[in-house]
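Student: Need the 3D shape of this:
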Amino acid sequence: MAQQGYSEACCTIPPVSANYKEKGEYVKIDGLKTYITGPETATTAIILIYDVFGLGPQILQGADILAHASSEHQFRVFIPDFLVGNLADPNWFPPDTMEKRKAMGSYFGPQGPANADKMLSKLLSVVHTLKEEKSVQKLGVVGYCWGAKIVSIASTENTPFGVAVELHPSGLDSADAPKITIPVCMLASRDEDAPTVKAFEDALVVPKLIETYNSAPHGWMTSRGDLEDPKGKADYERGYATVLKFLHQYL
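Tutor: Here you go, the predicted structure:
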């Protein structure tokens, strides 16, 4: 991989806190409540696509890390509320009953609020608005869990993004991989199916960084991140440092 565009010093993240107060603000972008953090003068934007549990302190802190870790390579980070409050019910997980599976099928299905194709349309509309109203010149995209699937289908030919990141992905499909046309970083947890992750990696034809955090649970970089646990905190910090370094390489 090309090494230009970042330094090791740029990729040292600030201290992580279990009791965190976010640095950014909420505004409306393309009609969606959106968390924004980072220098207003930055012309490179990162869009974060949260998991189906929405905004929480772990992802807000992650956004602030990506936005404020480097004074040399600045990002403006955006987290649109794509689901508009239509979040998944934690009681659906694990989907071990017919009732739970039916509820999830409706939620993610063609008419559901979390349908990936619908979210892709919303994402591209946000991109258009950012370019028109926020003087954004370059873009990266980061997806968590369900959001990682949207990243895959948003990273194909003619994508507006320059780099893609998928974190503890769900809905992973090796058929998506050869269609991706930009560098991709994927950090998987111990709970993702290892053969599926490997098949996806092998099918990629772009620069890539694929790692599995064997001690980390699914969701460790967002809603299930336990920042009061030393190991959970260490995996969270290492994950964001890895993502930051990859973004610096390719944006």
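
Student: Just give me the longest helix of this structure.
Tutor: In the chain, with assignment by DSSP state H, the single longest helix is helix 230-250.

Student: mean confidence score for it?
Tutor: For helix 230-250, the mean per-residue pLDDT is 95.

Student: Which positions in it come out as buried?
Tutor: Neighbour counts using 16 or more other CB atoms under 10 Å place 232-233, 235-240, 242-250 of helix 230-250 among the buried residues. Backbone N, C-alpha and C define where each C-beta goes, glycine included.

Student: And for stretch 144-151?
Tutor: Residues 144, 145, 146, 147, 148, 149, 150, 151 are the ones in stretch 144-151 that count as buried (16+ other CB under 10 Å).

Student: contacting residues around the second one?
Tutor: Read that as residue 145. Counting by CB atoms under 8 Å, 6 or more residues apart in numbering, residue 145 touches 51, 52, 167, 168, 169, 170, 218, 219, 222.

Student: Of these, which pair is most distant in space?
Tutor: Greatest spatial distance among the contacts of residue 145 (CB to CB): 52 and 167, at 13.7 Å.

Student: Tell me which of these two has more neighbours.
Tutor: residue 167 (31 against 23; other CB atoms under 10 Å).

Student: picking up where we left off before, adding pLDDT as columns, could you present the buried residues of stretch 144-151 in a markdown table?
Tutor: Output for those, formatted as a markdown table (pLDDT from 0 to 100):
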| residue | pLDDT |
| --- | --- |
| 144 | 96 |
| 145 | 94 |
| 146 | 94 |
| 147 | 96 |
| 148 | 96 |
| 149 | 96 |
| 150 | 97 |
| 151 | 98 |
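
Student: List the ones among those residues that fall in helices.
Tutor: Going by DSSP H, the helices hold 146, 147, 148, 149, 150, 151 from the buried residues of stretch 144-151.

Student: TSV for those, including distance to residue 157?
Tutor: As requested, those are exported to TSV (distance: CB to CB, whole Å):
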residue	distance to residue 157
146	23
147	21
148	19
149	18
150	16
151	15
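
Student: Can you get me a residue count around residue 71?
Tutor: When neighbours are defined as other CB under 10 Å, residue 71 has 9 of them.

Student: And it, how far from residue 58?
Tutor: Noted for residue 71: a distance of 24 Å to residue 58, by CB to CB, to the nearest Å.

Student: From residue 233, how far off is the closest residue in space to residue 232 that isn't next to it in sequence?
Tutor: Leaving aside its sequence neighbours, residue 232 sits nearest to residue 226 (CB to CB, 6 or more residues apart in numbering; 3.7 Å). Distance of residue 226 to residue 233, given as CB to CB: 8 Å.

Student: Which neighbours do those two have in common?
Tutor: Common neighbours of residue 226 and residue 233, counting by CB under 8 Å, 6+ apart, are absent.

Student: quick one: low-confidence parts of the protein?
Tutor: Applying pLDDT under 70 to the chain picks out residues 1-18.

Student: How about the contacts made by the residue nearest to residue 232?
Tutor: Counting by CB under 8 Å, 6+ apart, residue 226 touches 220, 232, 233.

Student: Would you map the strands across the stretch 1-150 of the chain?
Tutor: 25-29, 32-37, 44-49, 76-80, 138-144 (DSSP state E, counting those that start in this stretch).

Student: closest to residue 106 out of those strands?
Tutor: Of all the strands of the stretch 1-150 of the chain, the one in closest proximity to residue 106, counting by CB to CB, is strand 44-49 (20.7 Å).

Student: any idea how far stretch 133-143 is from the chain center?
Tutor: Here the centre of stretch 133-143 is set off from its chain's centre by 13 Å, with CA atoms, centre = their mean, to the nearest Å.

Student: do the same with stretch 235-244
Tutor: Stretch 235-244 sits 12 Å away from the centroid of its parent chain (CA atoms, centre = their mean).

Student: Alright, I will stop here.
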